[in-house]
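Student: Kindly return the folded structure for what I paste below:
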Amino acid sequence: MQIIESSFRELYQEYLSSGLTVRDFCANQDFAVSTFYRWQKILREKEAPKEFVPLLIGKQPVTNTDNQ
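Tutor: Coordinates of the predicted model:
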């Protein structure tokens with residue numbers, strides 16, 4: 001079965017609302033578990049942030065040391 005991204009997105013939303021395990025959902029849809037996980041990885045990589053954003057936690061102010 002050939003699948004395209006838009007078709008998998010629909011299938012993935014159906015899975016999320018089904019409450020089933022991946023294995024059970026794929027069995028009901030006659031869809032290979034390995035293919036499901038491969039497409040899930042593709043979607044996650046596309047939706048992942050492209051840049052690293054540092055998160056600073058603490059009470060000390062951030063200072064620029066380059067001007068010293």
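Student: What separation is there between the residue nearest to Gln40 when sequence neighbours are not counted and Leu56?
Tutor: In space, and not counting its chain neighbours, Gln40 is closest to Tyr12: 6.9 Å by Cβ to Cβ, 6 or more residues apart in numbering. Every residue, glycine included, has its C-beta placed from N, CA and C. Computed as Cβ to Cβ, to the nearest Å, the Tyr12 to Leu56 distance reads 35 Å.
Student: And those two? Which one has more around it.
Tutor: Tyr12 (15 against 7; other Cβ atoms under 10 Å).
Student: Thought Ile42 was touching that one, still the case?
Tutor: No - counting by Cβ atoms under 8 Å, Tyr12 stays clear of Ile42, with 10.6 Å between them.
Student: So for Val33, what's the pLDDT?
Tutor: pLDDT for Val33: 96.
Student: Neighbours of Asp24, how many?
Tutor: 12.
Student: And the most centrally placed residue in the chain, how close does it get to Gln29?
Tutor: The residue lying closest to the centre of the chain (Cα atoms, centre = their mean) is Arg44, at 2.6 Å. Distance, Arg44 to Gln29, by Cβ to Cβ: 20 Å.
Student: ditto for Leu55
Tutor: Distance check for Leu55 against Gln29: by Cβ to Cβ, it reads 39 Å.
Student: Same question for Tyr12.
Tutor: For Tyr12 relative to Gln29 (Cβ to Cβ), the value is 11 Å.
Student: Let me know the secondary structure of Pro49.
Tutor: coil (DSSP: H, G, I helix; E, B strand; the rest coil).
Student: May I have the phi/psi pair for it?
Tutor: phi -60, psi 140 (degrees, to the nearest 10).
Student: re earlier: tell me the pLDDT of the residue nearest to the centre of the chain.
Tutor: pLDDT, Arg44: 88.
Student: Which helix or strand contains it?
Tutor: helix 33-47 (DSSP states H and E).
Student: Mind giving me the packing neighbours of that helix?
Tutor: Helix 33-47 sits against helix 5-18, helix 22-29, with contacts defined as 3 or more Cβ pairs under 8 Å, 6 or more residues apart in numbering; DSSP states H and E.
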